[in-house]
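Participant: when you get a sec, could you give me coordinates for this:
(chains A and B)
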Protein chains: 2
Amino acid sequence: MNEKTAKYIEQNKDRFMQELFEFLKIPSVSANAKYKDDVLRCANWLAGHLEKMGFKSQVIKTKGHPIVLSEAKGKSNKRLTIYGHYDVQPVDPVTQWKSPPFEPEIRDGFIYARGATDDKGQLFAHVKAIESLIKSEGGLGCNISFLVEGEEECGGNSLEEFIIKEKNRLATDAIIISDTSMYDEKTPAITYGLRGIAAFEIKVRTAASDLHSGVFGGAVGNAAAVLAYIISQTIGMDGRINVPGLYDDIRPLKDWEKKNLARLSFDEKKLAAETGIKKVFGESAYPILQRMWMRPTLEFNGIFGGYMEMGMKTIIPSTAGAKISIRLVPDQNPHKVVDCVIRHIKSVCPDFADVEIVGNISAAEPVIFDVEEPAIKTGRDALREGFGAEPVFIRSGGSIPIVNTFWKELGKPVVLMGFGLDSDGAHSINEKFNVNNFFNGIRTSAHLISNC
Amino acid sequence: MNEKTAKYIEQNKDRFMQELFEFLKIPSVSANAKYKDDVLRCANWLAGHLEKMGFKSQVIKTKGHPIVLSEAKGKSNKRLTIYGHYDVQPVDPVTQWKSPPFEPEIRDGFIYARGATDDKGQLFAHVKAIESLIKSEGGLGCNISFLVEGEEECGGNSLEEFIIKEKNRLATDAIIISDTSMYDEKTPAITYGLRGIAAFEIKVRTAASDLHSGVFGGAVGNAAAVLAYIISQTIGMDGRINVPGLYDDIRPLKDWEKKNLARLSFDEKKLAAETGIKKVFGESAYPILQRMWMRPTLEFNGIFGGYMEMGMKTIIPSTAGAKISIRLVPDQNPHKVVDCVIRHIKSVCPDFADVEIVGNISAAEPVIFDVEEPAIKTGRDALREGFGAEPVFIRSGGSIPIVNTFWKELGKPVVLMGFGLDSDGAHSINEKFNVNNFFNGIRTSAHLISNC
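Facilitator: Sure thing, here's the model as predicted:
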């Protein structure tokens, strides 16, 4: 960006913040039907705000909450698509907030409000960057589309359906998303890979109903003990997943990735302080960041069976269940992995019991982008300019299903350039967003778009 | 008993049944405070009924439900104490009863009502036997005490406290209890041993709170997986309890017991049909009856941890718990066994997790009676006469804590001579009691008392 743009940003900081506060004041909680009208009002507010900036906005009805699609022409034929979400997480327990979640305020350099970092603050940085470019340069260098959904926090799939249906109309050169985290407070990052996920539930049965442990103990199998045995045969206390075939398709790390990993520090003491763990867990042959980003992990997210209330009930549980999810890395295929796990679980189940899958299997593929992609390189340069620090390439252990949809349907790289921090409390009480990161985000976005 | 008594029983069958129906109609559900007045009414009904027969009855207040103590003099100085309970289990789900649980009716040779077998019907057989002896012989051969509690089905300990406090006043030569089962429909049985029990709850912790499996998977241990590992290291799928020291104090079977076991048939197909199991479970080196009666068993009565509701939540559970109970056999000591199990569980817990005991440890010792005791021999003879079939000696895999109290406090053998069947549905819907078993029970009791 040129000096005029930088000056414009500097001169309008207070107004930008006031406008962000307006956005944050709308309680667009998508998971709670009570807020349905507020969610719609928020979509209309954003669409209107972009209209005033010169965009053509549509508030597109879905079976859930609306999608905001706002488009502006630029000088070149190129198009950048900026994704974000205007909906927010619920605020419970609201009494534990220091300031009301929908009355934003600044304390000690942080904006406190629900949605401050996730994702209104990060999204709005792009909005204000674009306003700054239009006002200071008289127009945009390339076409810009905002594609902003209202169902990210409630697991809706309206946007996915919309992208699949309208993929020609949505054709673009790159997708920009600011809904992830920086590497640390000083170091911006491009997230170039995400783990995939596969999840399902199993149920063990040993008898038709729970039985008296005095009468039948010694003759009838215990479903809780069988489930525990199956779990113990599936995941080792050394972090190893003992499922034949599971590790087969893992793409080896590239040399630059190994060097990159070796350079990135990880503070295990900080992790312990934040999570309350005694000791880290996992495959000791791999560095911890590799374990969290580049190795599959299998978790039993919940287990249940038999008598779970207060006191004692001397039964032999006839059924027991577990919710299982597996984080996947390139090039693991979720369905192939699920097949391996199910085959293994069935093979270790003792002959006096049955194990079956209950309900649906959900799956999202892992995704990895080539860091040599021009859009990613441009994103990295923009972060360096915007934050005044050398960005790093990281991967994420989590999964962002919409990234897969963009990659699969539009066939273009997704630049994940978060302005937030893991410590922002995205889904917790007292969510916050660093004021500096908001303005650095505006500068970053202005650099990115002026270089596109 | 003499012919006059037999004739009296035969002539009064209809009235005996009507009176049992009166007893069964009182909804003496001890576990539900809503029925408190009915429980008291039931105690008063029984005390009054025995008064009319010539007993001196007391309805003794406790901190819970009252105890009925009714005493009658006989010719000799000997005393038999008949224990029973007048309270019943709850009736839910009441809509699944074919006839209302407190409106007794006879169908196909069975009395259907809550309490029919457990324990009003069995207890009342003794009441009517004694009436028959008094009326037909003009008195009793020995002193008889009825000691009947109203807290058996709600886990109350008022009777235990009363026995401990009043053990001199309650001095007796033997205790008769009909609250167990016959060996099968044709074969009456004396239960000469009961397993003990020890129970407690454990909790595993790996972190301060549940964590996101995408962010922390690969670095933080999963409490559900740790719990499963601990369970798998404690109980084998072959039924073996892998706890050092646990099997140390088991009293070897006597020769007659081995021969007895070999004679008693066990129908595994019937067990499978009744319980819905695919295959029996347990230590294959021991016959199934030995496993159920004479071997310790360890059950995880319930397991829980992480996300247990509908759908998926991709967390790493930070805590997981299990309820554990161990059935014990002579001469295992509950506290010693619990120590062994806890020591073992702590020793196998991985270093990144903690495991602790939650709440109280409950314990009841196993009990075994010498089948050469005169009271037990007399009981066996009475069953032979009453049922017209050779009785067998059996043990029970269950625990009846009050039997331990009698044995420990009064120092006299307890004759467990059940008139019911395992298939009576004691704690289930459509509880029933075979009409023939009711009258055979009356005849048995009359034989027993006339021979005391």
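Participant: how many neighbours does the closest residue to chain B within the stretch 351-452 of chain A have?
Facilitator: Relative to chain B, the nearest point of the stretch 351-452 of chain A is A:G398 (2.8 Å; CB to the nearest CB). Bear in mind the C-beta positions are built from the backbone N, C-alpha and C, glycine included. Using other CB atoms under 10 Å in any protein chain shown, A:G398 has 20 neighbouring residues.
Participant: which residues sit in contact with the closest residue to it other than its chain neighbours?
Facilitator: Distances taken as CB to CB, 6 or more residues apart in numbering or on different chains put B:G214 closest to A:G398, at 2.8 Å, once the chain neighbours are dropped. Residues in contact with B:G214, defined by CB atoms under 8 Å, 6 or more residues apart in numbering or on different chains, are A:R195, A:I197, A:R327, A:S396, A:G397, A:G398, A:S399, B:T314.
Participant: show me the shaky parts of the stretch 201-350 of chain A.
Facilitator: Filtered on pLDDT under 70, the stretch 201-350 of chain A yields no residues whatsoever.
Participant: that one: helices as residue ranges?
Facilitator: A:213-216, A:223-232, A:255-263, A:268-275, A:288-293, A:334-348 (DSSP state H, counting those that start in this stretch).
Participant: show me what the third one is packed up against.
Facilitator: Put plainly, it is helix A:255-263. Here helix A:255-263 touches strand A:392-396, going by 3 or more CB pairs under 8 Å, 6 or more residues apart in numbering or on different chains; DSSP states H and E.
Participant: name the next helix or strand following the strand it packs on along the chain.
Facilitator: Helices and strands here follow DSSP states H and E; after strand A:392-396, the next one along the chain is helix A:401-405.
Participant: what's the domain layout of chain A?
Facilitator: A:3-194+A:366-450, A:196-262+A:280-364 (automatic domain parsing).
Participant: so which of those is nearest B:E19?
Facilitator: The closest of those to B:E19 is domain A:196-262+A:280-364. By CB to CB, the value is 30.7 Å.
Participant: endpoints of the closest one, how far apart?
Facilitator: 5 Å (CA to CA, to the nearest Å).
Participant: how about stretch A:49-64?
Facilitator: 22 Å.
Participant: re earlier: quick one, which of the helices of the stretch 201-350 of chain A is nearest to A:S99?
Facilitator: Between the helices of the stretch 201-350 of chain A, helix A:268-275 lies closest to A:S99; by CB to CB that is 23.1 Å.
Participant: mind listing the residues bridging to A:A364?
Facilitator: A:I197 (DSSP bridges).
Participant: go on, A:F300?
Facilitator: In beta-bridge terms (that is, DSSP bridges), A:F300 pairs with A:I324.
Participant: now for it, how many residues are close by?
Facilitator: For A:F300, using other CB under 10 Å, the count is 29.
Participant: tell me the contacts of it?
Facilitator: A:I231, A:I235, A:A322, A:K323, A:I324, B:N222, B:A224, B:A225, B:A228, B:G306, B:P317.
Participant: pick the one among those residues closest to A:D381.
Facilitator: Distances from A:D381 to the contacts of A:F300, taken by CB to CB, are shortest for B:N222, at 40.2 Å.
Participant: quick one, what contacts the residue lying closest to that closest one once chain neighbours are set aside?
Facilitator: The shortest distance from B:N222 to any non-neighbouring residue, by CB to CB, 6+ apart, is to B:I316 (5.0 Å). By CB under 8 Å, 6+ apart, the contact set of B:I316 is A:299, A:301, B:206-207, B:210-213, B:216-217, B:220-223, B:306.
Participant: got it, and A:W97?
Facilitator: A:V91, A:I429, A:N430.
Participant: ok so the last one is a strand residue?
Facilitator: In other words, A:N430. No. Per DSSP: H, G, I helix; E, B strand; the rest coil, A:N430 lies outside any strand segment and is coil.
Participant: and the pLDDT for it?
Facilitator: Per-residue pLDDT puts A:N430 at 95.
Participant: and for A:P93?
Facilitator: For A:P93, the predicted pLDDT is 87.
Participant: then A:K120?
Facilitator: What the model reports for A:K120 is a pLDDT of 98.
Participant: can you tell me how far it sits from A:G156?
Facilitator: For A:K120, the distance to A:G156 equals 17 Å [CB to CB, to the nearest Å].
Participant: which of these two has more neighbours?
Facilitator: The neighbour comparison of A:K120 against A:G156 (other CB under 10 Å) goes to A:K120, with 29 against 19.
Participant: wait, that one touches A:K25, no?
Facilitator: No. A:K120 lies out of contact with A:K25 (CB atoms under 8 Å); the separation is 10.1 Å.
Participant: now the residue nearest in space to the middle of chain A: how far from A:E160?
Facilitator: The centre of chain A sits closest to A:I400, judged by CA atoms, centre = their mean, with a distance of 4.5 Å. Between A:I400 and A:E160 the distance is 12 Å, computed by CB to CB.
Participant: just A:N77 next, same as before
Facilitator: 27 Å.
Participant: look at those two and report which has more neighbours.
Facilitator: Between A:N77 and A:E160, counting by other CB under 10 Å, A:E160 is the more crowded of the two (17 against 8).
Participant: from the chain's centroid, how far away is the helix or strand containing that one?
Facilitator: Per DSSP H and E, A:E160 falls inside helix A:158-165. For helix A:158-165, the separation from the chain centroid amounts to 18 Å (computed by CA atoms, centre = their mean, to the nearest Å).
Participant: other residues contacting that helix?
Facilitator: Outside helix A:158-165, the residues within contact range by CB under 8 Å, 6+ apart are A:60, A:62-65, A:67, A:147, A:149, A:151, A:170, A:401-402, A:405-406, A:409-410.
Participant: now it: mean pLDDT?
Facilitator: Average pLDDT, helix A:158-165: 98.
Participant: need the CA coordinates for it. CSV is fine.
Facilitator: Coordinates of the C-alpha atoms in helix A:158-165 are reproduced here as CSV (Å, rounded to 0.1, in the frame of the first residue of the first chain):
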residue,chain,number,x,y,z
SER,A,158,-25.8,-23.5,4.2
LEU,A,159,-22.5,-22.0,3.0
GLU,A,160,-21.1,-25.3,1.8
GLU,A,161,-24.3,-26.0,-0.1
PHE,A,162,-24.2,-22.5,-1.6
ILE,A,163,-20.6,-22.8,-2.7
ILE,A,164,-21.3,-26.2,-4.3
LYS,A,165,-24.3,-24.8,-6.1
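Participant: now that helix: buried residues?
Facilitator: For helix A:158-165, the neighbour count (16 or more other CB atoms under 10 Å in any protein chain shown) marks A:S158, A:L159, A:E160, A:F162, A:I163 as buried.
Participant: and for stretch A:353-371?
Facilitator: Using 16+ other CB under 10 Å as the test for burial, stretch A:353-371 gives A:353-355, A:357, A:362-369, A:371.
Participant: circling back to that earlier point, mind listing what the residue of the stretch 351-452 of chain A closest to chain B touches?
Facilitator: A:G398 sits in contact with A:L194, A:R195, B:H212, B:G214, B:V215, where contact means CB under 8 Å, 6+ apart.
Participant: widest-spaced pair of those residues?
Facilitator: Taking CB to CB, no two of the contacts of A:G398 sit farther apart than A:L194 and B:H212, at 13.5 Å.
Participant: which of those two has more neighbours?
Facilitator: A:L194 (31 against 17).
Participant: point me to the residue of the stretch 51-200 of chain A nearest chain B.
Facilitator: For the stretch 51-200 of chain A, CB to the nearest CB, closest residue to chain B: A:A199, 4.9 Å.
Participant: the nearest residue to that residue once chain neighbours are set aside: how many residues sit nearby?
Facilitator: Using CB to CB, 6+ apart and skipping residues adjacent in sequence, the residue nearest A:A199 is A:S325, 3.9 Å away. A count of neighbours around A:S325, defined by other CB under 10 Å, yields 26.
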